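> When you get a sec, could you give me coordinates for this:
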Amino acid sequence: MDDAMPIRLLADITDALKAGRGWEASLRRLAELLVEQLADWCVIDLLDERGRARRVVVVGHGSGPDNPRPGEPSQLLPAWAEASTAPLAEALRRRAAVLISDVPPPEQATDSLERAQLQLLTRLGAASAIAAPLHVDGRPFGVIIVARTAASQPFTEAQVTLIENFARQGALVVDNARLYDQHREIATYLQHSLLPETLPALPPLHLIARYRPARTHAEVGGDWYDAIVLPDGTLAFTIGDVVGHDVPATVRMSQVRHTLRTLAVDRPGPPEDVMRRLDQVLEQLPEPNLTATLIFGVARSLDTGSYLLTWSNAGHPPPLLVPADGPARFVMGGRGLPLGVDSSVPREAAASASVAAGGIFLLYTDGLIERPEKDMSAGLEQLRREAMNLRGLPPERFVDKLVERLAPTGGDDVALLALCSSGTSTRTR
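Numbering: from 1, shown residues only. I've put the predicted structure just below:
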């Protein structure tokens, strides 16, 4: 092994683990790099919240019938006494790497954990091994074991410190990845918990909503949708997007959504009037830089069997009307400044459109149409074109297919709210 190889490998490990794969994929990549450069096999065992060890990664060279198979389920390892001589237990107890210069047969094990680990090393054909703890700030969360078969040079004390350094660096990055995933899980749960569990229906008008968080970052955003039945029986609907991609943006989203609900129920009025009052209330909140785009509207049934939708638009992408027959079109009226910009600027009178039987009125957030490599007009046209291609599908499938085709990578949060008038023709695809 040349002198520069440890430095290169350490740099490779750091770069690979910072690639944002998630902590499980990061662990596997760490094992793969060590096998590529230093070992024939690499095994990683992690501790759970109860201090039990679970085998999560086995990577290496070999195709014998006893070798672990790719994708083999994780295995919960036996409990162990404090004085256990198992490689995992010794590495955790010493908080330092342990050399097994000559792997003994499982029959020589003194406890069940040691027996399980020696059985695995025997399956791998390991002649020598090093077990190094994965820990951050003295807090252990696992052990990494590298092994060499009899066909390779055995590990010696010269490699112990090297493996220990690799494990230490890997532990830092993997621990950050675990925290990243935990934060994302909590934030996504928070986002979903702030959205309505069910939506009202006023047959033959029914609502379909979808929310999908971005997959490329841990933070959630301020995308939301909502619908309520007002005291006079009118259906009020809204979709919006608070600026930001973090938990504070989600909290601000909740403030906007609940304030809007209160204003709409307390004093119903034209949508532009409700929007104006919402802007004024939000201006008084002790919340700096609260900016949001929003559509708020109401739906009323007409004697013809269709529905009249009336809405105000605060800087949000325009709704798309997809009739049962004829071209789909964006409805551009009723526009005004985003919330939080200047509440003194008068708002344009609300826009309106009728939705006949079989029609869909689609509201969405910009994650459905914005792409770094395209301007918004191209994204809007793609949405209109895909909506025409999918028209005639059952409404639920129509909405799902739109998300699938327009936002396949999940680069940004996406929220959709579709107001559907029954009578939509259906076909299968």
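
> I'd like the mean pLDDT over the strand or helix carrying residue 29, please.
Counting by DSSP states H and E, the element that carries residue 29 is helix 23-37. Per-residue pLDDT over helix 23-37 has a mean of 82.

> so after it, what's the next helix or strand?
Next along the chain from helix 23-37, counting by DSSP H and E, comes strand 41-47.

> Residue ranges in the stretch 101-250 of the chain under the pLDDT threshold?
177-178, 180-194, 215-221, 244-247 (pLDDT under 70).

> quick revisit: in the helix holding residue 29, which residues are buried?
23, 24, 26, 27, 28, 29, 30, 31, 33, 34, 35 (16 or more other Cβ atoms under 10 Å). Where you see a C-beta, it was placed from the backbone N, CA and C, and this is true even at glycine.

> Present the residues you listed as a markdown table; the columns should include distance to residue 257.
Conversion of those to a markdown table gives the following (distance: Cβ to Cβ, whole Å):
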| residue | distance to residue 257 |
| --- | --- |
| 23 | 33 |
| 24 | 34 |
| 26 | 36 |
| 27 | 39 |
| 28 | 40 |
| 29 | 40 |
| 30 | 42 |
| 31 | 45 |
| 33 | 46 |
| 34 | 49 |
| 35 | 50 |
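
> Just want the angle from the helix holding residue 29 to strand 41-47.
Here the directions of helix 23-37 and strand 41-47 differ by 150 degrees (axes from the mean of the first three to the mean of the last three Cα atoms, to 10 degrees).

> Distance from helix 23-37 to the middle of the chain?
23 Å (Cα atoms, centre = their mean, to the nearest Å).

> Stretch 291-309 now?
On Cα atoms, centre = their mean, the centre of stretch 291-309 falls 32 Å from the chain's centre.

> now do the same end-to-end measure for that stretch.
25 Å (Cα to Cα, to the nearest Å).

> which parts of it are buried?
291-299, 301, 306-307, 309.

> Distance from the chain centre to stretch 265-281, please.
34 Å.

> quick one: contacts of stretch 322-332?
For stretch 322-332, contacts defined as Cβ atoms under 8 Å, 6 or more residues apart in numbering pick out 318-321, 351, 353, 355-362, 380, 384, 387-388, 391, 423-425.

> now do stretch 253-273
194, 221-224, 226, 228, 230-232, 234, 236, 238, 240, 242, 274, 277-278, 281-282, 285, 287, 290, 292, 294, 296-298, 310-312, 334, 336, 339, 347-350.

> Quick check: which element contains residue 404?
Assigned by DSSP H and E, residue 404 falls in helix 395-406.

> name the helices or strands packed onto that helix?
strand 205-212, strand 360-364, helix 376-390, strand 414-421 (3 or more Cβ pairs under 8 Å, 6 or more residues apart in numbering; DSSP states H and E).

> okay, the angle between it and strand 414-421?
Using the same axes, to 10 degrees: helix 395-406 against strand 414-421 is 150 degrees.

> Helix or strand next in line after the one helix or strand residue 132 maps to, which one?
Assignment of secondary structure by DSSP H and E places residue 132 within strand 126-136. Going down the chain from strand 126-136, the next helix or strand is strand 139-149, by DSSP H and E.

> OK, contacts around residue 422?
Residue 422 makes contacts with 203, 204, 205, 206, 357, as judged by Cβ under 8 Å, 6+ apart.

> cutoff 6 Å now
Shown in contact with residue 422 (Cβ atoms under 6 Å, 6 or more residues apart in numbering): residue 204.

> Could you measure from it over to residue 203?
7 Å (Cβ to Cβ, to the nearest Å).

> repeat for residue 241
Residue 241 is 29 Å from residue 203, by Cβ to Cβ.

> more crowded one of those two?
residue 241 (27 against 8; other Cβ atoms under 10 Å).

> Am I right that that one sits in a strand?
Yes - membership of residue 241 in a strand is supported by DSSP: H, G, I helix; E, B strand; the rest coil.

> is residue 139 in a bridge, and if so with what?
Using DSSP bridges, the bridge partners assigned to residue 139 are residue 136.

> So residue 225, which state does it fall into?
Look at residue 225: counting by three-state DSSP, its state is strand.

> Thank you, goodbye.
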